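> this one's sequence-less:
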Ligand code: CMC
């Protein structure tokens with residue numbers, strides 16, 4: 001196999017060149033198109049960041065208005081699509097429904113499938129940004145047996161998402177500005193993260209010239225795993241378990257360090273960040289702000305802070321350079337906002353959507369694009385003769 005190098009988990013293999021997101025894992029730096037994440041989180045909006053990731057530049061006021069209005073005009077879903085979503089078991093995991101729903105968009109919009117026609121790709125992009133918001137709000141409502149609420153064009157992307165998710169039908173709904181800002185910020189923080197597992201999956205699927213929906217649906221599935229986006233739900237399950245057991249953070253940490261039953265401190269550690277995850281710092285501040293503004297007192301926040309404090313002062317975590325990642329505190333914010341734990345990872349997917357699409361589009365325009373096809377190092381039998389069943 002001469003030139004083939006073994007690199008499990010692609011620890012040291014760059015799969016592409018990209019101009020979208022810059023991470024310096026040692027310095028704890030994250031930038032989208034050169035703009036520091038802290039500045040975008042403070043000053044921008046999710047839809048503006050989506051535009052930035054997709055097009056490479058911040059929009060002028062007129063460009064943003066045109067983009068927002070185009071996305072808004074596509075937020076309704078076809079009645080047959082609503083029926084289709086209604087056929088999944090109500091207690092089925094929403095990530096499975098989300099991946100299926102995104103895949104199914106290809107059947108509802110066959111005119112938007114050509115991966116190499118600019119107008120078609122732009123249409124598919126807008127459809128995905130618009131429909132995923134509606135689908136995500138419906139995922140929440142379906143679980144409670146509530147009807148889908150229709151979009152309201154006059155409201156902003158996040159504001160109307162909250163209304164569609166939480167409003168009582170036919171009743172006025174006023175979203176809390178603190179909650180709107182916090183969710184906008186969380187979506188911005190999740191919007192892209194270069195060649196992570198789900199984004200690499202989106203690129204891999206797209207590299208066969210599969211359409212955008214097929215590629216992104218695969219990304220949703222990759223995100224669902226607890227080592228990736230599923231960690232935000234797993235953090236809450238972990239905190240719930242610790243709380244139910246009497247809140248003993250020290251005992252839980254002993255189990256983690258002894259690697260008892262493979263238990264890990266969920267929401268900790270990162271392949272690239274070996275100093276701190278700059279997103280986690282913003283999320284932690286936001287958790288305190290949101291819980292305070294909503295008047296929520298959650299013992300789980302105290303447990304989480306205790307776990308973090310123990311970890312940051314413990315040799316096991318120090319030696320391995322394990323710090324809180326973006327998923328550590330997000331669940332507590334989503335919970336305070338009224339989302340169930342199963343909705344946490346779909347919210348991550350809603351945030352990551354512009355990044356997946358931007359990376360897919362960049363790849364499709366890359367003259368160096370090739371079908372993704374890693375090699376292997378074969379370690380099986382060399383050659384042996386077939387033995388008929390009677391002689392085995
Ligand atoms: N708790 C306890 N030990 C850990 C943890 C953790 N969360 N993460 C890594 N380690 C240990 C691991 O056991 C190994 O120790 P040793 O050298 O003794 O075998 C060492 O640290 C290196 O771990 P690794 O699994 O080889 O590192 P990786 O870069 O392959 O994995 C990771 C990165 C994020 C999958 C991992 O840190 C992890 O499983 N974290 C928990 C899940 C999580 O929070 N995922 C979210 C990631 S961030 C955003 C996202 O994608 O959602």
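Received it, and whenever you're ready, just let me know what you need. Please read all numbers here as calculations on a predicted model, not as lab measurements. Numbers count the residues shown, from 1 in each chain.

> okay, CA-based contacts and neighbour counts for the rest of this
Fine.

> how about whichever residue of the stretch 51-200 of the chain sits closest to the ligand, phi and psi?
At 6.9 Å from the ligand, residue 196 is the closest residue in the stretch 51-200 of the chain, using CA to the nearest ligand atom. When read as degrees, to the nearest 10, the backbone of residue 196 gives phi -60, psi 180.

> same check, this time on residue 149
Residue torsions, per degrees, to the nearest 10, at residue 149 are phi -100, psi 140.

> can you list the residues of the stretch 151-300 of the chain near the ligand?
227-229, 231, 256, 264-271 (CA under 6 Å from any ligand atom).

> For those residues, name the two members farthest from one another.
Farthest pair in these (CA to CA) is 229 and 256. Separation: 20.2 Å.

> Comparing those two, which residue is more hemmed in?
Neighbour totals were compared for residue 229 and residue 256, and residue 229 leads with 27 against 17 (other CA atoms under 10 Å).

> any idea whether the more buried one is helix, strand or coil?
coil (DSSP: H, G, I helix; E, B strand; the rest coil).

> Spit out the contact partners of the closest residue to it other than its chain neighbours.
Spatial nearest neighbour of residue 229, chain neighbours left out: residue 223 (4.8 Å); criterion: CA to CA, 6 or more residues apart in numbering. Neighbour list for residue 223: 197, 198, 229, 230, 345, 349 [criterion: CA atoms under 8 Å, 6 or more residues apart in numbering].

> which one of those residues has the most neighbours?
residue 349 (30 neighbours).

> surely that residue meets residue 220?
Yes: at 6.4 Å, residue 349 counts as touching residue 220 under the criterion of CA atoms under 8 Å.

> give me the residue from the stretch 1-150 of the chain nearest the ligand.
Counting by CA to the nearest ligand atom, the stretch 1-150 of the chain gets nearest the ligand through residue 9, at 7.1 Å.

> Can you check the pLDDT for the nearest residue to residue 69 once chain neighbours are set aside?
Leaving aside its sequence neighbours, residue 69 sits nearest to residue 153 (CA to CA, 6+ apart; 7.9 Å). Listed pLDDT for residue 153 reads 88.

> can I assume residue 153 is in contact with residue 74?
No: judged on CA under 8 Å, residue 153 makes no contact with residue 74 at a distance of 9.7 Å.

> doesn't residue 23 fall inside a strand?
Yes: counting by three-state DSSP, residue 23 is part of a strand.

> If we ignore the residues flanking it in sequence, what's nearest it?
Closest to residue 23 by CA to CA, 6+ apart is residue 30, at 4.7 Å.

> Spell out which residues sit in contact with that neighbour, please.
21, 22, 23, 24, 36, 37, 278.

> secondary structure class for it?
Assignment for residue 30 (three-state DSSP): strand.

> do residue 311 as well
From three-state DSSP, the assignment for residue 311 is helix.

> check contacts around it.
253, 317, 318, 323.

> Report the separation between it and residue 256.
Distance, residue 311 to residue 256, using CA to CA, to the nearest Å: 10 Å.

> Could you do residue 292 as well?
Distance from residue 292 to residue 256, by CA to CA: 31 Å.

> do residue 286 as well
If you go by CA to CA, the gap between residue 286 and residue 256 works out to 27 Å.

> before we move on, the earlier item: which of the contacts of residue 311 tops the neighbour count?
residue 323 (22 neighbours).

> hang on, it packs against residue 310?
No: in this structure residue 323 lies outside contact range of residue 310 using CA under 8 Å: 11.2 Å.

> can you tell me which helix or strand residue 205 belongs to?
Using DSSP states H and E, the element containing residue 205 is helix 197-206.

> what does that helix rub up against?
By CA under 8 Å, 6+ apart, helix 197-206 touches 212, 214-216, 218-223, 228, 355-356, 359-360, 363-364, 371-372.

> all helices of the stretch 201-350 of the chain, in order?
Per DSSP state H, counting those that start in this stretch, the stretch 201-350 of the chain carries helices over the ranges 212-223, 231-244, 249-257, 278-293, 299-312, 315-319, 327-337, 344-365.

> Per the annotation, how does this structure divide into domains?
17-225+342-365, 231-337 (automatic domain parsing).

> Give me the distance from the last one to the chain's centre.
For domain 231-337, the gap between its own C-alpha mean and the chain's C-alpha mean amounts to 18 Å (CA atoms, centre = their mean, to the nearest Å).

> got the end-to-end distance for that domain?
Length of domain 231-337, first residue to last, CA to CA: 18 Å.

> now do the longest one
Separation of the first and last residues of domain 17-225+342-365 by CA to CA is 12 Å.

> longest helix in the chain, by residue count?
Identified as the longest helix of the chain according to DSSP state H is helix 118-143.

> list the helices and strands that one packs on?
The contact analysis (3 or more CA pairs under 8 Å, 6 or more residues apart in numbering; DSSP states H and E) places helix 118-143 against helix 61-73, helix 94-108, helix 157-166, helix 212-223, helix 344-365.

> ok, 10 Å please
helix 46-55, helix 61-73, helix 79-86, helix 94-108, helix 157-166, helix 212-223, helix 344-365 (3 or more CA pairs under 10 Å, 6 or more residues apart in numbering; DSSP states H and E).

> Now do the second one and helix 118-143, the angle between them.
Computed with axes from the mean of the first three to the mean of the last three CA atoms, to 10 degrees, the direction of helix 61-73 lies at 50 degrees from that of helix 118-143.

> Buried residues, helix 61-73. List them.
Using 16 or more other CA atoms under 10 Å as the test for burial, helix 61-73 gives 67, 68, 71, 72.

> Repeat that for the shortest one.
Taking 16+ other CA under 10 Å as the basis for neighbour counts, the residues of helix 79-86 that come out buried are 82, 85, 86.

> So what touches it?
76, 78, 97-98, 100-101, 104-105, 107-108, 135, 138-139, 142, 145, 147-148 (CA atoms under 10 Å, 6 or more residues apart in numbering).
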